[in-house]
Structure formats: structure tokens, C-alpha cells
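1. Sharing a sequence plus its predicted fold:
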There are 2 protein chains.
Amino acid sequence: MAADIKPIGIFDSGVGGLTVAKEIMAVLPHQPLVYFGDCINAPYGNRTDDELLGFSQRIINFLLEKDVGAIVVACGTISTRIFAELGQFVPGHIPLYEMLTAGVQAVTEASKTGKIGVIATEGSVKSGAFEREILKARPDAMVKSVACPLLVPLVEEGWAGGEVADLVAKEYLKDLAESDVDTLLLGCTHYPLLSDSIAKSLPNATLINPANHVAENLRNCVNYASASPEKPKHQFYTTAKKEKFDKIAKNILPAFDKPSILV
Amino acid sequence: MAADIKPIGIFDSGVGGLTVAKEIMAVLPHQPLVYFGDCINAPYGNRTDDELLGFSQRIINFLLEKDVGAIVVACGTISTRIFAELGQFVPGHIPLYEMLTAGVQAVTEASKTGKIGVIATEGSVKSGAFEREILKARPDAMVKSVACPLLVPLVEEGWAGGEVADLVAKEYLKDLAESDVDTLLLGCTHYPLLSDSIAKSLPNATLINPANHVAENLRNCVNYASASPEKPKHQFYTTAKKEKFDKIAKNILPAFDKPSILV
């Protein structure tokens, strides 16, 4: 690996960000990643802003010690609530990415009719950030947001792809199907794992996974590792529930070949 | 109300304990209750013991200021992790009740075959407290515990009684049905709201709701208000999500006739 090729750091409150890691691996297959899941403090939704800032600062310092060249904040709660304040913890030459901006850009570009659906956690929907940013980018849009609090625990239970997932998705997406949205922004990193169930209930909408767009942005903006016969050495850290983390990581990432490290 | 009749204090991390309030209202219909839901800090499952002690101490002080005559800890996480330490915050003449002991007593008495099922949150099951206490009371028992992490968010979503609830219950109870348990301890205060779905999947088992037994214990041990033409004046406090709290409270409690107070 050339001396100026640095790993990309990704952090999340838990395992959801692994779907982001997956997209980055697809676009930059030779790039090493350092993933940090703060499982002991998850879910972040019920934490105060001060707590979130404290968690983020500690994790960013950890990633900087691992000498990352860019940081991706894969957590929706941080994106919608405190992202603007994270810059103070990160040296200026290290780019910082999050999912909200990428998702909004992608969905507003992809929508033909301007009828845009958003699904996210309760906190993210309540923050109003998705609607506000979508309307900034595309003032003609009709945005309909639905909070789907059951989807994260469903994925964490390992039930993505089953009968329960289909039924829950159908229930949540009823109104969006009636509203005839042509695009659906997956506003939480867990949701791409439910794409099949979601697509069944909303067959006419294009599903937008912001992680695809973050991965494309990374390719355009960082020095990335090019083809090499060696597999990139990824590192995975979790603050709790190592066994569950490894099980879910194995399901999500074909390249997950070494257990996570408990920190 | 006679001078020595004091309200009963109940606290929980959120709305789950309202099912306990309901059982107490049924057994002591003239007794005023003071309910405290710590919704801002829920779920308690991912909190440290020190955090839980801090939350409990503040809530107990709040209830003592309301001059309660007894305190019911309706939260399973506190029961299984720090209940023994709560005595220090409560004057000796105020009895303190929790769900674990009551549930274990009831289920070990009710089981004929000794094949006992337990469903609870992940943290409670992992603590091993249910199995340990059941085997202490009845060493011949065969205990099978199942963690059901989706049931709490399902109830909080207002989906109890629907098609999704039936399907999720069926999925979780598959193994217990095969194990032929004759009793099932509902080890989380949210679960009585799913009794119909649970009974469909486990038609041969007697469902045990510990709250019934706590209510009976209260009747035997506290000075309770007897028949009076006036309705008892209950008080409900929540630390967040007042609107959701009121909506769920209205569903659970026919006697919920005044909105909660945000503290």
C-alpha cells in the first residue's frame, strides 16, 4: 500500500453502518476500512446532544489514532442533530462525510415527479431535517416522511428477508404507496437490508441508499488504493455485543473474515 | 380519604408499567396511584448500573415527595440488576415491590408439570435471574427462556392485537410450543398487552402476569382506600414524549382521564 493511502474510518452507534461499509467496499474494493460500532451506547436516539458530542469525540480520536484519511459518520442521529459541530474534532485535511447530505442530493436528482418518500427512525423524522434539506434542494418537491421504529430492531433480530419483515414493511409503507411517490430515501443505515421487503410494498418507487453516493464521493475525493493482489486489511471495533456484531457483520459483508475487536 | 391512606407509587422506564397500574387499579379500585415513566432515559437496557441507580434514586425521591405509602418498581431491568440496592433510598416503613419475585412465585405455584417458559427482554434473559429464582423456588423445574427484543417496540408502536403481533409472537414462541410448557411467565410489563397473540401461539399454557400478584400483595400489606363515591385521583408523570405516553395510557387504562404531567 502506498504511503499516502490511508484507511477510511466509519462509525455508527451499532451495526447499521456496516451497510455503508459494504457500499464503500464495492466502490473501492482495495481500500482498507476501520469500522467502529458503539454498541454499548446504542441506540443514540435517546441520548442528549452533549452525550452524542462526547461519544463522537472519543470515537473520532480513536479513528484518528488509527491514522484514517477520511471519516464517514454512518449514524443518522448524529447527521441530523450534531453533525455541524463535529468539525472541531477533526483536522481540516481529513474530509468528513455523512448520510443526510448524500441522500438528499441523490433523491432529489433521481425523482422525476418530485413526489419523494422518506423512511427513517422516529428521531430523524421528528427533526425535520430530511424534509428541510430536500425542499432546499428542490422547492417543488412533495415530501412524505414515515417514522419506522420497528425496522431497526427487526434487522438487529436477524429477521430481514422474512415473512415478518414483509408484513411490517407493508404496514409502514401503506401511506407512501397511496401517495404514489416515485423515489424513496432509505434514511437509516439498517434499511438497505430490508430492500427486498420494501420493494415488494412499493414496486413503482426507486429506492435510494445514501451509502452508494457517499462511496462515489469518496472515490472522487480521497487517495484510494488501486488494484493489488493482496486483500485489504479491514479492522472492526465494537464497544459491546461482539458475538452479535460478528454474526450480523458476516451476513452483511462477504469480506468480513476476521472477528471484531472489543474496545 | 382517611389520613393514613397514601397513594401507591409506581415507576418504570416508560409506558410498560401502565399494565401494572391497570392490575393494581383492578384489585384496589379506590386507591390513588402516582405513576412515573422515565421516557427520556428509556430503554434502561443499555444503561450502566450506576446510571440505573441514579435514575432510581431521583424517581424514588420524587415519589416520596408525593407522599406515597408503597413503591412498585415496574421495570424488569431494575428488578434483575439493581433491586437489592434500592432499599437504601427508601425509608424502612415504605414497602418496595418488584415484578421478578412476584412472577417467580406465581409461575412456580401455577405450573403442574414443572415445564415453565419465560419471555423477557434480552437483558433480563441474559441476566439469568428468572431461571435462577425459579429453580430456587422449584428445583425440579425445566425452565426455557426466550428473549423477545421486538415485542417492546411493537407495543410502543401501537401494534398490539394486529396481524404483525400475531406473526411475531408465533415466531418467538415456536420453541416454547415444541417444549410443551404448561405455564408462561410474562417477564416484561409490555407483554400483557400482547396476551391475545401469545395465547394463540401457545394455547395450552397458562399465562402469568406478575402484576396480578403484586396487586394482591399490595392488598394484603398496605392500608388501602375502600369504597368511596369519588373516583381516586391518579397522577401520571413522564420525563418525555408526553403525547405518546397519553395515547398509550388511554389505550391501557380506562381510568386515564387526565393528561400526564411532563417533569
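-> Thanks, I have it.

2. quick one, what contacts the residue lying closest to A:Val27 once chain neighbours are set aside?
-> Distance criterion CB to CB, 6 or more residues apart in numbering or on different chains; nearest residue to A:Val27, sequence neighbours excluded, is A:Ala215 at 3.8 Å. C-beta here means a position set from N, CA and C on the backbone, and glycine is covered the same way. By CB atoms under 8 Å, 6 or more residues apart in numbering or on different chains, A:Ala215 lies in contact with A:20, A:23-24, A:26-28.

3. most surrounded residue in the residues you listed?
-> With neighbours taken as other CB atoms under 10 Å in any protein chain shown, the top of the contacts of A:Ala215 is A:Val20, carrying 29 neighbours.

4. Report all helices and strands that the strand or helix carrying it contacts.
-> Under the criterion of DSSP states H and E, A:Val20 resides in helix A:18-27. Applying 3 or more CB pairs under 8 Å, 6 or more residues apart in numbering or on different chains; DSSP states H and E, one finds that helix A:18-27 contacts strand A:8-12, strand A:33-37, helix A:210-221, helix A:242-252.

5. now do 6 Å
-> helix A:210-221, helix A:242-252 (3 or more CB pairs under 6 Å, 6 or more residues apart in numbering or on different chains; DSSP states H and E).

6. chain center to the helix or strand that the first one is followed by, what's the gap?
-> I take that to be helix A:210-221. Note on helix A:210-221: by DSSP H and E, the next helix or strand toward the C-terminus is strand A:235-238. Centroid separation for strand A:235-238 versus its chain: 16 Å, with CA atoms, centre = their mean, to the nearest Å.

7. Show me which positions of strand A:235-238 end up buried.
-> Across strand A:235-238, burial judged by 16 or more other CB atoms under 10 Å in any protein chain shown covers A:236-238.

8. For A:Pro43, state which of those residues is nearest.
-> A:Pro43 has its nearest neighbour among these in A:Thr238, at 14.7 Å by CB to CB.

9. Beta-bridge partners for that closest one, please?
-> A:Gly37, A:Leu262 (DSSP bridges).

10. contacting residues for it?
-> Going by CB atoms under 6 Å, 6 or more residues apart in numbering or on different chains, A:Thr238 touches A:37, A:39, A:245, A:260.

11. and of those, the nearest to chain B?
-> A:Cys39 (8.6 Å; CB to the nearest CB).

12. how about the helices of chain A, start to end?
-> Secondary structure of chain A (DSSP state H): helices at A:18-27, A:49-65, A:76-81, A:99-110, A:122-127, A:129-137, A:151-156, A:163-179, A:195-201, A:210-221, A:242-252.

13. Show me what the fifth one is packed up against.
-> Using 3+ CB pairs under 6 Å, 6+ apart as the contact criterion, the neighbours of helix A:122-127 among helices and strands are helix A:76-81, strand A:142-147.

14. Could you list the contact residues of the stretch 101-250 of chain A toward chain B?
-> Counting by CB under 6 Å from any CB of the partner chain, the stretch 101-250 of chain A comes close to chain B at A:149-150, A:153, A:157, A:164, A:167-168.

15. quick one, which of the helices of chain A is packed in tightest?
-> helix A:76-81 (a mean of 26; mean count of other CB atoms under 10 Å in any protein chain shown).

16. follow-up on the earlier one: so which of the contacts of A:Ala215 is the closest to chain B?
-> Checking these one by one against chain B (CB to the nearest CB), the nearest turns out to be A:Val20, at 22.0 Å.

17. Let me see the contact set for that closest one.
-> A:Val20 touches A:10, A:74, A:189, A:211, counting by CB under 6 Å, 6+ apart.
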